[in-house]
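# Based on what follows, work out the 3D shape:
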Amino acid sequence: MQIRDIGLSVLKGGRHTTRENVLLEVHGPAGDRLFAVVDLADGRVLKTVEHPLLLTCRARWDDGVLSVGLGGRQVAATPELNGQNLTLDYWGRAVCMHVVGGPWARAFSRLLGKDVALAQINAPGGLVYGDSITIVTTSSLRRLADEAAATVDARQFRATFTIDTGDAAAHVEDSWAGREMDLGRARLLVGAGIPRCAVIDLEPDTGASGTNLLKTLARYRLSGSDIPFGVYAQVIRPGIVGCGDQVRVLPES
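Take a look at the predicted model:
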């Protein structure tokens, strides 16, 4: 098995961008989900499923400059920390962030049609629903494409890693739960399945709703109230991982 694709987003809910390699730190992928658009009035981090236009925002974070393709134009600036620290709600969990000054509030408010602000995470790894790493496999993607009788864009699952599992059975990743995995110079501890929501039906570049993947997936993957696809993982040995790196699931101890 080997790494086929690597992806992350500097902006929580923003466009998932591909990378040739990534540094996995203890908290997760370096540079992943450092910023988020927030509703200060409600005290919440905005969710992609409620604001799909976030998917049109392609963000880069280089040498202290945040650049975002937003509403047909590029907005780039060094984030200005104004000293406003907040505890916000993210899926029922408290997350500490500080509001970022500059052109961001006006630009994102114009795009989304509501008053919002940009905030930066105080501690990396806080803006995740489950664990900081997500994994999908080509075997499972192939099964879903067969069930849907349509092409499936792996980016719709916004995974950190897409692993080429060759001719392995669909959802082979389910059997990895609780086991360690070596990839590149890093080691992960594989966790539980990832419960999916309507975000997987959004076109990954435009945010438009255009597929019925969640409904298709539910036909053969429904487990209680969850529809799992892919698995979570935690970093237990930091290191660099690149596309093409070999993946090895360690024997159960």
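# CA atoms for contacts and neighbours, from now on please.
Will do.
# residue ranges of the helices in the chain, please?
104-112, 138-148, 213-221 (DSSP state H).
# any chance of those in TSV, plus mean neighbour count, mean pLDDT and distance to residue 245?
Converted to TSV, the helices of the chain look like this (neighbours: other CA atoms under 10 Å; pLDDT from 0 to 100; distance: least, CA to CA, whole Å):
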stretch	mean neighbour count	mean pLDDT	distance to residue 245
helix 104-112	17	92	37
helix 138-148	18	97	15
helix 213-221	16	95	29
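# Relative to residue 172, which of those helices is closest?
Among those, helix 138-148 comes nearest to residue 172, with 7.6 Å by CA to CA.
# list the contacts for the nearest residue to residue 23 once chain neighbours are set aside?
Once flanking residues are discounted, residue 23 sits nearest to residue 240: 4.3 Å by CA to CA, 6 or more residues apart in numbering. Residue 240 makes contact with 21, 22, 23, 24, 184, 185, 186, according to CA atoms under 8 Å, 6 or more residues apart in numbering.
# just to revisit the earlier point, want to try CSV for the helices of the chain, with distance to residue 246 as columns?
Output for the helices of the chain, formatted as CSV (distance: least, CA to CA, whole Å):
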stretch, distance to residue 246
helix 104-112, 40
helix 138-148, 15
helix 213-221, 28
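# So for residue 155, which of those sits nearest?
helix 138-148 (10.8 Å).
# domains for the chain, by residue range?
Domain ranges of the chain: 2-9+130-249, 35-121, per automatic domain parsing.
# what's the least confident stretch among those domains?
For the domains of the chain, mean pLDDT drops lowest on domain 35-121, to a mean of 89.
# Run the chain-centre distance for that one.
When distances are taken as CA atoms, centre = their mean, to the nearest Å, domain 35-121 is centred 16 Å away from the chain's centroid.
# Tell me the span between the first and last residue of that domain.
In domain 35-121, first residue to last residue: 6 Å (CA to CA, to the nearest Å).
# Ok, which of the helices of the chain comes nearest residue 119?
Among those, helix 104-112 sits nearest to residue 119 (CA to CA), with 9.4 Å.
# In this structure residue 181 contacts residue 249, no?
Yes: the pair formed by residue 181 and residue 249 meets the contact definition of CA atoms under 8 Å, at 4.4 Å.
# need the domains of the chain in CSV with distance to residue 16, can you?
Putting these into CSV (distance: least, CA to CA, whole Å) gives the following:
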stretch, distance to residue 16
domain 2-9+130-249, 5
domain 35-121, 8
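# mind checking which of those domains is nearest residue 28?
Per CA to CA, nearest to residue 28 of these: domain 2-9+130-249, 5.1 Å.
# quick one: the closest one to chain centroid distance?
11 Å.
# And it, end to end?
Per CA to CA, the first residue of domain 2-9+130-249 is 11 Å away from its last.
# cool, stretch 41-56 as well?
Terminal-residue distance, stretch 41-56 (CA to CA): 24 Å.
# Then stretch 93-113?
Start-to-end, stretch 93-113 (CA to CA) is 26 Å.
# Kindly report the same for stretch 115-128.
24 Å.
# cool, and stretch 41-58?
End-to-end distance (CA to CA), stretch 41-58: 25 Å.
# returning to what we had before: residue 29 is nearest to which of the domains of the chain?
domain 2-9+130-249 (7.5 Å).
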